[in-house]
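> Sequence first, then the predicted structure, then my questions.
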Amino acid sequence: MGYFGLSSVLSSTYVTSSLNLLFFYLTWTTLVMSQPPLHIELLGSFAMRILFYWIPTLLFTLFEVVMPGLSGDLKIRRGPRIAGKDVFWIGMNGLMNQVIATAIQGAVQSTYAQLLMRKVPVFDIGTTLPMPWNIVKDILLILAIREVITYVLHRHVLHNPRRFRKLSRYHCVNHNFPKTPTFALKAHYAHPLDYFLIQFLPLYLPAYLLRVHLLTFFLTTAIVSLESALIYSGYDIFWGLLGGTVRRIDRHHCPGGEKMDFGIWGILDWVSGTAGGRSRPEEEGGAIDVHAQVSREVDEKKRRLAKRLKS
């Protein structure tokens, strides 16, 4: 009986999954056949950013406004809160940058399809859905190339005021409020040119060169958007690679943190020797481990009190 019960459950699950896939395929085919490729790409990309960046980010922001004490305790480091009007303009700046990025996507699409007379979209917008392993392979390849481009531009261009003074000055916008713990709205807070170089180009260029399926690009955009909201949240509640990335982002935006942690996931920083860390002393440019610092200060106060009692 148990075998037949399990078989019926698996069969019903398989049938449900098949029906969902069929429904999605019919919906996608109808969309592709009825809408211009440019509309699908731009509206879909912006929808991914709203669903996977703006909704989590606004929830984080609401939590910090409603429960400032609890949210402050969960942050990696404490610091002064910025004014509400500054938070608003930071959010508006991020929204403007994303609108500009979407407009650049449209310009690239139009240029490729019309001026170059290719008459085909940049991405593969066919009715044939990509296979799951191809989706995974393309996403991992895009993210790997993105990491390399981000590290090189971030370290050797945007933090190189001797050779690229203007670009370095533009990048300083992203490093405003260094004494404030990082927060999710700051992920897309940047000068538009800086945003193009460090956010848009590393993601869009490899996807464009690989000519991936548009659904693959949508999934990659969703992953990167959610990643931005989480790693800029500043919360010390994540584990593993994600937790390490949150700490790296926070260290890079600390006072004096501009000389370390240029990548997103930290692999190239580790290889190149630019990784910050809790083991590096502060005078070498490393970040302070806040919890260890507090413990040292408590121990120091205990020693001073013991000395006074003895005397």
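Sure, I can see it.
> Was I right to think Met48 contacts Thr221?
Yes: the pair Met48 and Thr221 passes the contact test of CB atoms under 8 Å, sitting 4.3 Å apart. Quick note: C-beta positions are derived from backbone N, CA and C, even for glycine.
> Which one of those two is surrounded by more residues?
When Met48 and Thr221 are compared on other CB atoms under 10 Å, the one with more neighbours turns out to be Thr221, at 23 against 20.
> so that one makes contact with Ser45?
Yes: between Thr221 and Ser45 there is a contact under CB under 8 Å: 5.7 Å.
> Gly244: how many residues sit nearby?
The number of residues near Gly244, taken as other CB under 10 Å, comes to 16.
> Look up how far His156 lies from it.
Using CB to CB, to the nearest Å, Gly244 is found at 23 Å from His156.
> Then Glu227?
Distance, Glu227 to His156, using CB to CB: 23 Å.
> Of these two, give the one with the bigger neighbour count.
Of the pair Glu227 and His156, Glu227 is the one with more neighbours under other CB under 10 Å, namely 18 against 12.
> And that one, how close does it get to Gly126?
Per CB to CB, Glu227 is found 28 Å from Gly126.
> again with Val108
Look at Val108 and Gly126: by CB to CB, they are 19 Å apart.
> again, but for Ser272
Using CB to CB, Ser272 is found at 40 Å from Gly126.
> what's around His188, how many residues?
By the criterion of other CB under 10 Å, His188 has 26 neighbours.
> err, Pro178, not the other one
When neighbours are defined as other CB under 10 Å, Pro178 has 14 of them.
> Who are the contact partners of it?
Residues in contact with Pro178, defined by CB atoms under 8 Å, 6 or more residues apart in numbering, are His253, Cys254, Pro255, Gly257.
> Checking Asp138 next. Helix, strand or coil?
Recorded secondary structure, Asp138: helix (DSSP: H, G, I helix; E, B strand; the rest coil).
> could you list every residue that touches it?
Contacts of Asp138 (CB under 8 Å, 6+ apart): Pro130, Leu210, Val212, His213, Thr216, Thr220.
> Model confidence for it, exactly?
With respect to pLDDT, Asp138 has a value of 95.
> Grab the most central residue of the chain for me.
Geometric centre of the chain, nearest residue: Ser228, 2.3 Å, by CA atoms, centre = their mean.
> any idea how far Val32 is from that residue?
When CB to CB is the yardstick, Ser228 and Val32 sit 28 Å from each other.
> got it, and Glu227?
28 Å.
> Extract the residue ranges of the stretch 201-311 of the chain that are flagged as low pLDDT.
Along the stretch 201-311 of the chain, segments meeting pLDDT under 70 span 277-302, 305, 308-311.
> Please enumerate the strands of it.
With strands called from DSSP state E, counting those that start in this stretch, the stretch 201-311 of the chain shows none.
> burial count for Val271?
Using other CB under 10 Å, Val271 has 11 other residues around it.
> ok, now Gly266?
Gly266: 22 surrounding residues under other CB under 10 Å.
> show me the contacts for the closest residue to it other than its chain neighbours.
Leaving out its chain neighbours, the residue that sits closest to Gly266 by CB to CB, 6 or more residues apart in numbering is Arg248, at 5.3 Å. By CB under 8 Å, 6+ apart, the residues touching Arg248 are Asp261, Gly263, Gly266, Asp269, Ala275, Gly276.
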